[in-house]
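A.B. asks: just coords:
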């Protein structure tokens, strides 16, 4: 299969022998985006227009702060705050309270994340606090990586072997992969793919559970002379498997 801008990174991610190749690709994409916007790009009008309109999520604001370049962060933030304040002013000016009732006042306030906002102002704030320039950068290419995964799975024997020998995926990216499979695979292909994928995720979760359990047992004084095996870094890998990402990564900073 001819190499493309999507196949090369995906093959590299599977060769990395990571707990989740899509986490590997996501980390590369977000680090690239942070380096880009806090390089010279923040002085470009078109980039600033995008960051002003979209903003950043909590996670990527933290990454930007840790990365360094205080002046770059300040310039990006100053014009974003200006636009944010203008839009907020419009939202506040057009805010109309809803009808109150005794029953509503007696109910306990439910702040579950799955609840849709009840007001246009709440919906605007929800969008502004979840939209993110860096997240969008990965989402724009993530779908292409999922499509490429299934193209390679169906046509490339080397990739299929890499997939079958891999450590699987974190649960969030595994869920995305299964959702994509529903559209990308034929009924016959699903009969082959799903058993492999399901066995892979269960086997690797079981592997990690055993590694973490041995980490616990190894801290018993009776096992102090026994080998750690593969359990020494099992905590961060277990966390990655459950929720994605790299909890043990060092802070990503600008190279001086």
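C.D. replies: That came through, no problem. Because the structure is a prediction, the values reported are computed rather than measured.
A.B. asks: make it CA atoms for all contacts and neighbour counts henceforth
C.D. replies: OK.
A.B. asks: show me the shaky parts of the stretch 51-200 of the chain.
C.D. replies: 101-106, 109-114 (pLDDT under 70).
A.B. asks: longest helix in the chain, by number of residues?
C.D. replies: Longest helix in the chain by number of residues (criterion: DSSP state H): helix 187-218.
A.B. asks: in terms of secondary structure, what does it contact?
C.D. replies: When contacts are defined as 3 or more Cα pairs under 8 Å, 6 or more residues apart in numbering; DSSP states H and E, helix 187-218 packs onto helix 234-243.
A.B. asks: what's the angle between the helix it packs on and helix 187-218?
C.D. replies: For helix 234-243 against helix 187-218, the angle by axes from the mean of the first three to the mean of the last three Cα atoms, to 10 degrees is 150 degrees.
A.B. asks: can you tell me what sits against helix 234-243?
C.D. replies: Outside of helix 234-243, the residues within contact range by Cα atoms under 8 Å, 6 or more residues apart in numbering are 19-20, 169-172, 205, 208-209, 211-212, 215, 246-248.
A.B. asks: same check on stretch 179-186?
C.D. replies: In contact with stretch 179-186 (Cα under 8 Å, 6+ apart) are residues 146, 147, 150, 190.
A.B. asks: list the buried ones in the longest helix of the chain?
C.D. replies: 193, 197, 200-201, 204-205, 208-209, 211-212, 214-215, 218 (16 or more other Cα atoms under 10 Å).
A.B. asks: before we move on, the earlier item: among the contacts of helix 234-243, find me the one that's closest to residue 94.
C.D. replies: Here the nearest of those to residue 94, counting by Cα to Cα, is residue 172; it sits at 38.0 Å.
A.B. asks: look up how far residue 201 lies from the closest one.
C.D. replies: 12 Å (Cα to Cα, to the nearest Å).
A.B. asks: again with residue 66
C.D. replies: In terms of Cα to Cα, residue 66 sits 34 Å off from residue 201.
A.B. asks: what do you get for residue 219?
C.D. replies: In terms of Cα to Cα, residue 219 sits 28 Å off from residue 201.
A.B. asks: for the contacts of helix 234-243, work out which two are farthest apart.
C.D. replies: Spanning the widest gap among those are 172 and 215, at 24.7 Å by Cα to Cα.
A.B. asks: report the buried residues of the helix or strand hosting residue 179.
C.D. replies: Element membership for residue 179 (DSSP states H and E) is helix 171-184. Under the neighbour-count criterion of 16+ other Cα under 10 Å, helix 171-184 has 171, 172, 173, 174, 177, 178, 180, 181, 184 buried.
A.B. asks: tell me how far that helix is from the chain's mean position?
C.D. replies: When distances are taken as Cα atoms, centre = their mean, to the nearest Å, helix 171-184 is centred 14 Å away from the chain's centroid.
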